[in-house]
Each structure stands twice: as C-alpha cells, then as structure tokens.
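Engineer: okay, here's the prediction I keep looking at, along with the sequence it came from:
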Amino acid sequence: RIKNTPEELATYSPKMNELLDRIFDDFGLIVCGWSSSSDTALRNAILRCPNRRFTTFWLSKGDINEDAEEIVNNRKAELIKIDSADQAFNEIKEKVESINELHRFHPMSAAVAVSTVKRYLVDSRQRIRLHDLIRDETERVCNELKTDRFKIDGIKFSDELFQKRMLEYESLIQPLSSMLSALSYYDNGENAHLVTSTIERLANKPRDSGIIGLINLQLYPALLVFYSAGICALSSNKFNNLKYILIEPKFKAYFDGEKEPIIGKLNVYAVFDQGAEILVPRPNAKTEHTPANNYLFDVIRSISKDYIPDDVKYEETFDIFEYILSLLYCDLVQGSGSLPGRFGWRYKRSQKFLPSEFIKNGIKLGDNWNFLKSGFFNGSADHLSKIVEEYDSRLKEVTRGWH
C-alpha cells in the first residue's frame, strides 16, 4: 500500500493509472510541498494528461526544480510564491468561506442570463418565455430575501455589518439586475412592463421591525435595479423604457393606502437613512458629500460596461440620470425638495452644468422632444422649465460650501 523507494515509485498498477488519468483530466490541482523528483509514475501520470480544462496552482516557497518546472510548463500552471503552507492554506480557507458566505454567483451565470434575454427579445414569439424567465428570477430573489440570511433583528448593528449586508444584496441581485439592464437597453417597449412589475415586487420590504438601518436597506436590491436599468435605458435613448422604470412603478402609502410614485420610496436618501444620519456604504466615506451615490456609481459601472464602454460617457449618463431623478422627485413627491446626486459637487467649479444642459437642450425642442412625449413632466416643456428653475435654486442652497 505504501511506496517509498525510487523503484517502488517508478510504476503504478493499471487500475491506479486509470484512476489518476481520470482525476488529472477532470479536476484542477493545488500542488504544495512536492518536489516531484522521486515520484516518477505520478509525474508521468500528470504529464500524459491530454487536457488542461482546469487550472493547476503550484505553491512554492522558493525556486522549483527542473522536474517540477516541466510539469508547470506542461499544465500551464500558475506558480505562486508563499511564505509557508500554513499561511497559504489558511488564506485560501478564509477566502473560500467569504465566497460561500456571500453566495456569490459564478460570473457566467449573469452572462448566460443576459444572453438568454437578448435571444428572447429578438423573437416576439418568445415573450412568454421572457416573462417566465424574469418572473422566476424575481421570485427566487424575493424568496431569498425572506430567509434568515437577511434578518434585521436580534443582531448587533455596526458599519461593518451594514457594508457586508450590502455586498450580500449585490451578489443576490446581480443576475436579475443584469437581465433587466439588457432588456431596458435593447427592448423596443413591448416588454418594459416587466421592469415595472419587478421593481414594485422588490420594493416590498419583507420585514418592518428591527434595526432601522437594515429595515431601509431592504430596498437596496430594488434601488440597484432602478439605477442599472434606468441608466442603460437612458444611454440608448429608450425614453419609453425609462418611463416604465422611473414613473410607472407605484407603491401603496402606509397612511392612506393610495398608490404613489415609487421614487418617493426608492431613492438613495431613503434607502441609506438611519434616522439621524446617512449610513456610509464603505469605510472612509464619511468625508464625502454623496457617499452612497458615489458607491452606486462604482457598483453600476460593472453592469453597464457592455452598454456604455466609455468611462467619460458613463459618468455623464450617470449624472444626467440622477439629475432627472431629482427633478422627478421635485415634481412628483415633495415640491421643492432636493435629492442632490454626485452632480451636486462634480460641477461646482465648472461653468457648464452638463445634466442641466441635457435638459435645457431638450426643452428647446418643445413638447415634441421624445423625452417629454414619453410621458415625463406632463409632456410639457413649460412645466419642465418651471421644475428645473425651482430645483436648481434649491440645489444651490443645499450644496453651498461643497467643493
């Protein structure tokens, strides 16, 4: 059973060779503390493997010998320098536990879902399948949100817990958010209602008692869809789709049960509110003027990259989107209320306020501007002009002293 001498290690039985061939063909390898010099039969088994479908990682404290180098080159292995095996494997263990804890999806899962959405969109006969695909993923997310993984009471609150919970929400919503972003970017309007129903579904908080910061954060998955789908629709000038994201979704008010615009409930300040202060999504963000908006800017970037590859264009689109949100909030929710986004400080030293320029250039087109014809601001350029004037005046007061 045990082979020690070079003669014993030179050959294996046919059954053992068959088993090793299957293992080295079907699995990746982590090699640590093995010189390979004496294990002739084992080395030969690795070298005769025809495929390299999975990665080999070779952990080494120093330089490797010629026998090991031959295997590294043959398997196209990743050579990793380590201080000790104990340290290396403890770090691997911690990272695996972190991944498991977050239940992160393999990156391909979102990519496959997006490809499926694109395939269904080009064929009107696939509308039912598209509906079922979005519905099933929405229900999977909503059911997971009700589990103890996302409980909000009986736990000690901290900034670290808050930030960890955000990462868990981001992981859970990633496939659905990616799917709806693709739909919003490409769809001709026939399926935009699916985004509306999904946002409304996600905006129902599973729990209403517990830590207030975590109660409000339950809306974070809906906010991510709100932003990612909205920005993608705006970038492709699909204003009708944008309407189904920003205007059509409604929620029932607690005090009278009347349906109200979702934007009153689904905005950065409502989601990150803890009563006396706005919670910060990452360490060292308390000195920022708009820490939550800045964080969303980074998170949404990964989703929008396929649709807005240029970084400058993405930043412009993000600012215009948040400016439109602020104007809608002023129009539909709270009169002269203000929701300053990143644009509040980004253009302080600039003579040209890009988001406002976008709106004002559209107003010059009058009521025929496609944005207004889609249903925004009562379809009236005069009404929009009034809202812009009121909001910009309020914005100057709120951001006075920002730099």
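Structural biologist: It's in.

Engineer: and the helix or strand bottoming out on mean pLDDT in the chain, what does it pack onto?
Structural biologist: Within the chain, no helix or strand scores below helix 343-346, which has a mean of 74 by mean pLDDT, DSSP states H and E. Packing partners of helix 343-346 (3 or more CB pairs under 8 Å, 6 or more residues apart in numbering; DSSP states H and E): helix 311-332. Where C-beta positions appear, they are placed from N, C-alpha and C, glycine not excepted.

Engineer: can you tell me the average pLDDT over the helix it packs on?
Structural biologist: Helix 311-332 comes out with an average pLDDT of 92.

Engineer: can you check stretch 385-398 too?
Structural biologist: Here the average pLDDT along stretch 385-398 is 83.

Engineer: returning to that earlier point: send the alpha carbons of the least confident helix or strand of the chain over as PDB?
Structural biologist: Provided in PDB are the C-alpha atoms of helix 343-346 (Å, rounded to 0.1, in the frame of the first residue of the first chain):
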ATOM      1  CA  PHE A 343     -23.500  66.100  -9.900                       C
ATOM      2  CA  GLY A 344     -24.000  68.400  -6.800                       C
ATOM      3  CA  TRP A 345     -20.300  68.600  -6.300                       C
ATOM      4  CA  ARG A 346     -18.900  67.400  -9.600                       C
END
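
Engineer: other residues contacting the next helix or strand after that helix?
Structural biologist: Going down the chain from helix 343-346, the next helix or strand is helix 354-363, by DSSP states H and E. For helix 354-363, contacts defined as CB atoms under 8 Å, 6 or more residues apart in numbering pick out 316, 319-320, 322-324, 327, 343, 347, 369, 371-372, 381, 384-385, 388, 392.

Engineer: where do the strands sit along this structure?
Structural biologist: Using DSSP state E, the strands of the chain run over 29-32, 56-60, 78-81, 250-252, 259-261.

Engineer: winner for burial among those?
Structural biologist: Highest mean neighbour count of the strands of the chain: strand 56-60, a mean of 19 (counted as mean count of other CB atoms under 10 Å).

Engineer: against which helices or strands is that one packed?
Structural biologist: Looks like strand 56-60 contacts strand 29-32, helix 66-75, strand 78-81 (3+ CB pairs under 8 Å, 6+ apart).

Engineer: may I have it exported as PDB, CA atoms only?
Structural biologist: The C-alpha trace of strand 56-60 is given here as PDB (Å, rounded to 0.1, in the frame of the first residue of the first chain):
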ATOM      1  CA  THR A  56      -3.200  24.000 -11.700                       C
ATOM      2  CA  PHE A  57      -1.800  26.100  -8.900                       C
ATOM      3  CA  TRP A  58       1.800  25.400  -7.800                       C
ATOM      4  CA  LEU A  59       2.600  26.900  -4.400                       C
ATOM      5  CA  SER A  60       6.300  27.200  -3.700                       C
END
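
Engineer: tell me where this protein is predicted with low confidence.
Structural biologist: Confidence mapping of the chain against pLDDT under 70 gives the ranges 98-108, 254-257, 273-280, 283-287, 335-339, 347-352, 399-403.

Engineer: top helix in it by residue count?
Structural biologist: helix 159-186 (DSSP state H).

Engineer: so what's S184 up against?
Structural biologist: 192, 195, 229-230, 232-233, 236, 238, 241-242, 245.

Engineer: quick check: the farthest pair among these?
Structural biologist: V195 and S236 (13.7 Å; CB to CB).

Engineer: neighbour-wise, which of those two wins?
Structural biologist: Per other CB atoms under 10 Å, whichever of V195 and S236 has more neighbours is V195, with 27 against 16.

Engineer: thought the more buried one was touching Y185?
Structural biologist: No: if you go by CB atoms under 8 Å, V195 and Y185 don't touch, sitting 11.1 Å apart.

Engineer: just the helices from the stretch 151-300 of the chain, written as ranges.
Structural biologist: 159-186, 193-202, 212-217, 220-235, 239-246, 268-271, 291-304 (DSSP state H, counting those that start in this stretch).

Engineer: which of those sits closest to L332?
Structural biologist: helix 239-246 (9.4 Å).

Engineer: helices or strands next to the closest one in the packing?
Structural biologist: Helices and strands touching helix 239-246, by 3+ CB pairs under 8 Å, 6+ apart, are helix 159-186, helix 193-202, helix 220-235, helix 311-332, helix 370-373.

Engineer: just those: most buried one?
Structural biologist: Compared across these, helix 220-235 shows the largest average neighbour count, a mean of 27 (mean count of other CB under 10 Å).

Engineer: how far does that one sit from the chain's center?
Structural biologist: 10 Å (CA atoms, centre = their mean, to the nearest Å).

Engineer: could you give the angle of that helix to helix 354-363?
Structural biologist: 50 degrees (axes from the mean of the first three to the mean of the last three CA atoms, to 10 degrees).

Engineer: how close does the residue nearest to F318 when sequence neighbours are not counted get to V268?
Structural biologist: Spatial nearest neighbour of F318, chain neighbours left out: F297 (5.6 Å); criterion: CB to CB, 6 or more residues apart in numbering. Separation of F297 from V268 (CB to CB, to the nearest Å): 11 Å.

Engineer: how about L180?
Structural biologist: According to CB to CB, L180 and V268 sit 19 Å apart.

Engineer: next: I231.
Structural biologist: Distance, I231 to V268, using CB to CB: 14 Å.

Engineer: my guess is F239 meets F377, correct?
Structural biologist: No: look at F239 against F377 with CB under 8 Å: they stay out of range, at 11.7 Å.
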